[in-house]
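Visitor: coords below, sequence missing:
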């Protein structure tokens, strides 16, 4: 099997590599399809800080104007702030130009609908159908674009009324924040000060390149860890390029792991805000079940993908949830992954509990996670998944998204990737050597099913 | 009427049914690919409704294919041409429908000296456009996009070298300008102030609907005329939407044919400096009279800015223009500049102490008929070919259609580059001769059809 095309058209929008598939023509067409779907009105447009943002943005403007929509240019804005803007400004929809945690050569259009949420799958199918048919609305009149100076205003207002500023101010935590020179760069330092923190901001230059890969995983947190130690900070925060995901470093400079970002945020919410069922995706750590048990609330697990978590939060009337990759969702601010919300919750927990970040993590069970992938063709992957389902039919299974096998000591989640020709395997358990041996067994089993 | 035309100077069409954002994107990509990596391209629009629609697609495409963009927003083409040369920009795209109605637009390609591309260069761009083989640049090689609010200082400074500023200032002229909702509206106040002109500005709002077609001619000068008839002003000028053409209205409100602009400016310019004149096979012989007065020669080329200005360069002549109301002074810039044109006229008025109507009296009145004959697509060049046979006894000038000069006049029959029509222009010393020419042409065309 050859490499798949770098171009990905999916439920969350369209993504590709600049200089390969992600061309002005493609952006014009896809924007026109979305614009046609939206009907006429104002459409917000913002970007993260990638060097290709203006090239993409002008094609987006042209596509919107062509179908009679009014683009509202918000400049550089984090994706959660963008979603809140679309909701509170009552725009007809929005397009954020960001490839999130992907490296600098990528870019993407993320589509946001009225009310500030991502499309559900049936809505995305509709948009993709218009795109594929090329059935775009052609306007005879071409509206002028508008400019918004302060796109962060609505998000800021919601965050400041959500956060317990009084408690944080009293404690005055010393915080180092690393925005990876991403979309949060112009806003995060001021925000943390407004919450009552003493702030040291690194990598908050929106005109600079990403100083490291913008995925907030431990290997990209070295600079942050060093700074936390150097300044004797209480906590370090790292955001990805579009600021939906959050990673945390403790006072010793140790990354606590993205799974524990969500765990601490959920703990804070249940303890200080209100009780609510929790919604997380299938691959999120079992530490969430422990927390839920402690507070006497239920956990619901959704398919992978932010919008699926959001959809289940709506249907279970849940106000807290997220993803184990550092994506915290609190309905109070907005139903989207939001690193700013995550920071507010963790700072509140830190300030009120009077415990260090390392101590707060130590109170939770330490789970071990291993991830791996096997190269398979698209055809093979479907066959392999069917065979695995048959083989493990007597185990406790969750088949919402691939196969999740749940045992007493560990769980394994196996699913075909929708971005690469691979099958991804996640395993989590308390015993490190046990999960290592189970993982290698599973990988060789998948290998044997190929023939 | 056809919705899109690829012509020597660029691509032109009705938006969106002919010229749309995909075509604009591909055309800009082709031009950028033609230019090569890392070139600076100046871009401007003329104030029509589709301007930003097309410029956004073009900015994105230039950047993606590796060209850096200097976007001047609404700006007259002659000033873009001027800036390209003065600031060592590598190329330009003027997004302008020129004199076409509001729903039209066009992409005009400019070289590093501000010239329209010549036919060989633009052919290469079209070949790349049709092949769709555009260069693709990775994230670190794509072009930067800069928005520029051009200061007019350089432009005014150079104008001061070409026209006697003090002489104009002293007169405190009162002028009515009709900007045709085009790009000259962006700069006219600054220029008026600089030359101490008191003015009334008509149709000076951009991006709205056009009050009239932006073609400088008597029909579109009626608003200016009515003001001049009733109030005391020195002159009126009507511009096209990108500021490459201008027509004149005298102090009494009489609107002149656009054919008068070239002889007026030539008279003004030649009174200061002698130069042979380049014009087209479709321009009034008034220019021959002026040339004779000053003892200079007239050389005729194909119709269009590209042919006229490139011939000027080849022959190293500094004065050229055509009967559409366009003049180029090549020492100033390499484009048709309506602003320099009207200022040269004001300068001449101030130095000679004459009114517009007095200057007009010094130019002989000829009788001119411009008309068009609709033809089925695919038959246009065939008719011209057959007409050559019918006129073979005479001396034919075949640089653009058929041009025949006779004792008391001349005529030109050519294929339009924008519509499926033959454009015919007949001019003679008197009406009778002109009508005789017309009858003869019509009879020959009908016998072929």
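Guide: Now that the structure is in, tell me what you want to look at. Just so it is clear, the structure is predicted and the values come from calculations on it, not from any experiment.

Visitor: okay, CA-based contacts and neighbour counts for the rest of this
Guide: OK.

Visitor: List the beta-bridge partners for residue A:373.
Guide: Note on residue A:373: beta-bridge partners by DSSP bridges are residue A:424.

Visitor: doesn't residue A:425 make contact with it?
Guide: Yes. Applying Cα atoms under 8 Å as the test, residue A:373 and residue A:425 come out as touching, 5.8 Å apart.

Visitor: With neighbour numbers in mind, choose between the two.
Guide: In this comparison of residue A:373 against residue A:425, neighbours counted by other Cα atoms under 10 Å in any protein chain shown, the higher total goes to residue A:425 at 22 against 17.

Visitor: For the more buried one, which non-adjacent residue is spatially closest?
Guide: Excluding its sequence neighbours, the residue lying closest to residue A:425 (Cα to Cα, 6 or more residues apart in numbering or on different chains) is residue A:414, at 4.6 Å.

Visitor: Ok, residue B:242 next?
Guide: Nearest non-adjacent residue to residue B:242, counting by Cα to Cα, 6+ apart: residue B:76, 4.8 Å away.

Visitor: give the contact list for that neighbour.
Guide: B:44, B:45, B:46, B:183, B:184, B:241, B:242, B:243, B:244 (Cα atoms under 8 Å, 6 or more residues apart in numbering or on different chains).

Visitor: what are the phi and psi angles of the fifth one?
Guide: The phi and psi values for residue B:184, taken as degrees, to the nearest 10, are phi -60, psi -20.

Visitor: ok, and for the strand or helix carrying residue B:85, which residues are buried?
Guide: Residue B:85 belongs to helix B:77-86 when assigned by DSSP states H and E. Within helix B:77-86, the residues that count as buried by 16 or more other Cα atoms under 10 Å in any protein chain shown are B:77, B:78, B:79, B:80, B:81, B:82, B:83, B:84, B:85.

Visitor: Distance to chain A and pLDDT for the residues you listed - can I get that in CSV?
Guide: Putting the buried residues of helix B:77-86 into CSV (distance: Cα to the nearest Cα, whole Å; pLDDT from 0 to 100) gives the following:
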residue, distance to chain A, pLDDT
B:77, 22, 98
B:78, 25, 98
B:79, 24, 98
B:80, 21, 98
B:81, 24, 98
B:82, 26, 97
B:83, 24, 96
B:84, 22, 97
B:85, 26, 95
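
Visitor: give me the low-pLDDT residue ranges for the chain?
Guide: Picking chain A for this. Low-confidence segments of chain A (pLDDT under 70): A:1-4, A:419, A:451.

Visitor: sorry, should have said chain B
Guide: Going by pLDDT under 70, which is the cut-off in play, chain B has low-confidence ranges at B:1-2, B:8, B:207-208.

Visitor: Domain-wise, how is it divided?
Guide: Each structural domain of chain B that the record assigns through automatic domain parsing is listed here as a residue range: B:4-147, B:153-361, B:367-448.

Visitor: So in chain B, which helix runs the longest?
Guide: Secondary structure of chain B read by DSSP state H shows that its longest helix is helix B:431-448.

Visitor: For that one, what is the distance to the chain centroid?
Guide: Helix B:431-448 has its C-alpha centroid displaced from the chain centroid by 29 Å (Cα atoms, centre = their mean, to the nearest Å).

Visitor: and residue A:127, how many residues sit next to it?
Guide: Should you count by other Cα under 10 Å, residue A:127 turns out to have 24 residues around it.

Visitor: Identify the residues contacting residue 264.
Guide: If you meant another chain, say so; for now it's chain A. Applying Cα under 8 Å, 6+ apart, the residues contacting residue A:264 are A:345, A:346, A:349, A:360, A:361.

Visitor: Sorry, I should have been clearer: chain B.
Guide: Contacts for residue B:264 were tallied using Cα under 8 Å, 6+ apart; they are B:345, B:359, B:360.

Visitor: one more time with 7 Å, if that's ok
Guide: By Cα atoms under 7 Å, 6 or more residues apart in numbering or on different chains, the contact list for residue B:264 reads residue B:345.

Visitor: do the same with residue B:399
Guide: Here residue B:399 is in contact with B:301, B:302 (Cα under 7 Å, 6+ apart).

Visitor: and if you look at residue B:115?
Guide: With the criterion set at Cα under 7 Å, 6+ apart, residue B:115 makes contact with B:334, B:335.

Visitor: Same question for the one 5 residues further on.
Guide: Residue B:120 makes no contacts at all, as judged by Cα under 7 Å, 6+ apart.

Visitor: Check the secondary structure at it for me.
Guide: For residue B:120, the reduced secondary structure class is helix; criterion used: DSSP: H, G, I helix; E, B strand; the rest coil.

Visitor: what's the single longest helix in chain A?
Guide: Under DSSP H, chain A gives helix A:432-449 as its longest helix.

Visitor: helices or strands next to that helix in the packing?
Guide: In this structure, helix A:432-449 makes packing contacts with strand A:422-429, judged by 3 or more Cα pairs under 7 Å, 6 or more residues apart in numbering or on different chains; DSSP states H and E.

Visitor: contact partners of the strand it packs on?
Guide: Residues from elsewhere that reach strand A:422-429 (Cα under 7 Å, 6+ apart): A:367-376, A:381, A:409-417, A:435, A:439.
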